[in-house]
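Give me the fold of what follows.
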Amino acid sequence: KALDKIEDADQAYRQSISCYETLSQHIGYDDMALYNMGLSWLKLAFLHLEHDRQQDQLESEFEQAIAAFEQARKLAPNDPKIGLKIADAQLGLGQFLARGEKWPAAAESFELAVQSYDKITSHFPDNPTVLFNKGQAYLQLGTIQQQQPQQGQAIWSFQRAVEAFTAVTKAQENDLESFKRLAEAYTALGDLQYGFSQFREAIDNYKAGIATYDRAIAAHPQDSELPYFKAVALANLAGAQIATNDVQTAIKSYSQAIFMYRTTLEKAPDFENAIFNLALTLSSLGTIYSHTDQATEAIQCFSESVEMYEQKVQQTSNDASGYTSKGMAEINLAEVYTRQSHIQKAKESYRAALESFEAALAIEPDDLTAHYNKGLAHAGIAGLLIEESQHDRASAIYRHAIQAYDQVLQRDPQNVDSLYNKGVTY
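Numbering: from 1, shown residues only. All right, here's what the predicted structure looks like:
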């Protein structure tokens with residue numbers, strides 16, 4: 001039935017367009033006829049965009065809508081609703097182009113959209129739909145600029161997105177999508193500032209994003225995505241806090257992120273990104289505990305991280321990165337056991353790491369991270385054997401480590417870490 005309704009809507013919009021085209025042959029166009037024809041093209045394009053249909057025609061449909069609205073604006077240059085629909089069509093075209101990863105063309109459409117929204121916003125100062133779409137255009141433009149060498153411009157775009165979505169949330173206090181987009185804009189702004197080493201500013205924006213997620217969660221407690229995105233922002237906040245040497249506060253932020261990931265998984269147990277990010281965050285927290293000589297806590301974090309990575313690779317057995325990440329967590333665990341003189345447990349963890357790296361390399365033979373860390377695991381086992389005065393066995397295993405580093409250097413001859421560790425191993 002839903003499919004029938006889509007087909008009915010498709011036909012209705014096409015018939016509407018045909019009527020206006022026939023009308024123009026008899027009496028020509030006026031501004032209202034052009035405006036209404038543009039609306040029909042625009043609704044047809046958004047229908048296809050929303051339901052992933054007629055992809056080969058979508059770009060043309062948005063362009064037909066824009067062309068009709070532009071003709072209408074020539075006849076009625078002071079009609080703000082025409083400018084609004086031009087902006088909506090440019091936004092839609094940008095979304096379609098971004099979906100196809102046509103980044104320069106998508107950025108151009110989003111730039112035209114924000115220019116159009118900026119021109120007509122004064123005519124619709126309190127309209128939440130206009131403000132939301134304006135925020136969307138700035139947010140998506142900033143996302144593309146962030147990927148290109150235009151990161152300074154991306155900061156400006158994200159700031160404008162924050163302004164627009166803030167206005168929407170004030171007008172519609174329970175609008176879930178507006179809260180999500182506002183928090184997303186704050187977090188993206190924090191990520192950029194972190195990249196520019198503007199850690200204090202990044203911390204402020206991460207906190208603003210987290211506070212926004214809190215408001216959204218209070219209004220929509222059943223939404224499974226909100227705890228996940230709050231967890232991401234908390235983990236990013238912890239990274240910025242570490243960069244300012246605020247380690248104890250970072251521990252609290254990582255712990256809160258872990259709690260929110262677990263909350264997410266209670267609602268959506270198979271959420272792959274939540275499983276992976278929980279494992280990653282547990283490793284990050286374990287690293288802090290390890291560096292601050294809190295061995296018990298570090299062992300617990302790394303052990304739980306390994307368990308979560310195991311869950312991840314069970315979900316997607318052909319995921320080389322999952323096996324590699326699992327192996328790296330097992331190396332971290334082995335290193336803590338080594339410092340605690342738990343030699344047997346350390347050996348077991350190193351051997352488990354080797355199994356993980358072998359699994360990764362069976363899927364992706366050119367995984368440099370897996371080859372490199374395989375070398376570290378072999379060297380770790382060899383070091384333990386030396387402590388036990390098993391020098392011959394240690395020598396043989398050190399050769400395995402060198403072979404692993406050579407696998408990296410064959411593919412990347414200037415790999416500094418592999419060159420250094422190969423030298424240390426010799």
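
what about residue 288, neighbour count?
19 (other Cβ atoms under 10 Å). Using the backbone N, CA and C atoms, a C-beta is placed for each residue, glycine as well.

scratch that, residue 316
Residues near residue 316, counting by other Cβ under 10 Å: 13.

And it, how close does it get to residue 323?
Distance, residue 316 to residue 323, using Cβ to Cβ, to the nearest Å: 10 Å.

joint contacts of the two?
Here residue 316 and residue 323 share no contacting residue, scored by Cβ atoms under 8 Å, 6 or more residues apart in numbering.

ok, the closest residue to residue 76 other than its chain neighbours - contacts?
Spatial nearest neighbour of residue 76, chain neighbours left out: residue 31 (4.0 Å); criterion: Cβ to Cβ, 6 or more residues apart in numbering. For residue 31, the contact set (Cβ under 8 Å, 6+ apart) comprises 72, 75, 76, 79, 82.

Residue 298 too?
286, 287, 289, 290, 332, 336.

Report the distance from the longest helix seen in the chain to the chain centre.
Longest helix of the chain, by residue count under DSSP state H: helix 2-27. Computed by Cα atoms, centre = their mean, to the nearest Å, the chain-centroid distance of helix 2-27 equals 39 Å.

Helix or strand next in line after that helix, which one?
helix 31-50 (DSSP states H and E).

Give the next helix or strand downstream of that following helix.
helix 55-75.

Only C-alpha atoms, please: export that following helix in PDB.
Output of helix 55-75 as PDB, limited to C-alpha atoms (Å, rounded to 0.1, in the frame of the first residue of the first chain):
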ATOM      1  CA  GLN A  55      18.200   8.400  -8.800                       C
ATOM      2  CA  ASP A  56      19.200   9.000 -12.400                       C
ATOM      3  CA  GLN A  57      16.500  11.800 -12.600                       C
ATOM      4  CA  LEU A  58      16.900  13.400  -9.200                       C
ATOM      5  CA  GLU A  59      19.500  16.000 -10.100                       C
ATOM      6  CA  SER A  60      17.500  17.100 -13.100                       C
ATOM      7  CA  GLU A  61      14.300  17.300 -11.000                       C
ATOM      8  CA  PHE A  62      15.900  19.600  -8.500                       C
ATOM      9  CA  GLU A  63      17.400  21.800 -11.300                       C
ATOM     10  CA  GLN A  64      14.000  22.000 -13.000                       C
ATOM     11  CA  ALA A  65      12.500  23.200  -9.700                       C
ATOM     12  CA  ILE A  66      15.200  25.800  -9.300                       C
ATOM     13  CA  ALA A  67      14.800  27.000 -12.900                       C
ATOM     14  CA  ALA A  68      11.000  27.400 -12.400                       C
ATOM     15  CA  PHE A  69      11.500  29.300  -9.200                       C
ATOM     16  CA  GLU A  70      14.100  31.600 -10.700                       C
ATOM     17  CA  GLN A  71      11.800  32.500 -13.600                       C
ATOM     18  CA  ALA A  72       9.000  33.200 -11.000                       C
ATOM     19  CA  ARG A  73      11.400  35.500  -9.100                       C
ATOM     20  CA  LYS A  74      12.100  37.500 -12.200                       C
ATOM     21  CA  LEU A  75       8.400  38.200 -12.400                       C
END
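
what are the ranges of the helices in the stretch 151-300 of the chain?
151-171, 176-195, 199-219, 225-243, 247-267, 272-291, 295-315 (DSSP state H, counting those that start in this stretch).

List of residues touching the first one?
Around helix 151-171, the neighbours that count as contacts under Cβ under 8 Å, 6+ apart are 114, 126, 128, 131-132, 134-136, 138-139, 141-143, 145-146, 175, 178-179, 181-182, 185-186, 188-189, 192-193, 195-196, 212, 215.

Show me which positions of that helix end up buried.
For helix 151-171, burial by neighbour count (16 or more other Cβ atoms under 10 Å) applies to 153-155, 157-158, 160-162, 164-169.

Also the fifth one?
When burial is assessed from 16+ other Cβ under 10 Å, helix 247-267 yields the following buried residues: 250-251, 253-254, 256-258, 260-261, 263-265, 267.

How about the second one?
When burial is assessed from 16+ other Cβ under 10 Å, helix 176-195 yields the following buried residues: 178-194.

Out of the helices of the stretch 151-300 of the chain, flag the one nearest residue 93.
helix 151-171 (17.6 Å; Cβ to Cβ).

Could you tell me how far that closest one lies from the centre of the chain?
18 Å.

Report the inter-axis angle for it versus helix 199-219.
30 degrees (axes from the mean of the first three to the mean of the last three Cα atoms, to 10 degrees).

pull the CA atoms of helix 151-171 into CSV?
Coordinates of each C-alpha in helix 151-171 appear next as CSV, following Å, rounded to 0.1, in the frame of the first residue of the first chain:
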residue,chain,number,x,y,z
GLN,A,151,38.6,23.9,8.0
GLY,A,152,38.6,27.6,9.0
GLN,A,153,35.4,28.1,6.9
ALA,A,154,33.9,24.9,8.5
ILE,A,155,34.2,26.5,11.9
TRP,A,156,32.2,29.5,10.7
SER,A,157,29.6,27.2,9.1
PHE,A,158,29.2,25.1,12.2
GLN,A,159,28.8,28.3,14.3
ARG,A,160,26.0,29.4,12.0
ALA,A,161,24.4,26.0,12.3
VAL,A,162,24.5,26.2,16.1
GLU,A,163,22.7,29.6,15.9
ALA,A,164,20.0,28.3,13.6
PHE,A,165,19.3,25.1,15.6
THR,A,166,19.4,27.0,18.9
ALA,A,167,16.6,29.2,17.6
VAL,A,168,14.6,26.2,16.6
THR,A,169,14.9,24.5,20.0
LYS,A,170,13.7,27.7,21.7
ALA,A,171,10.6,27.7,19.5
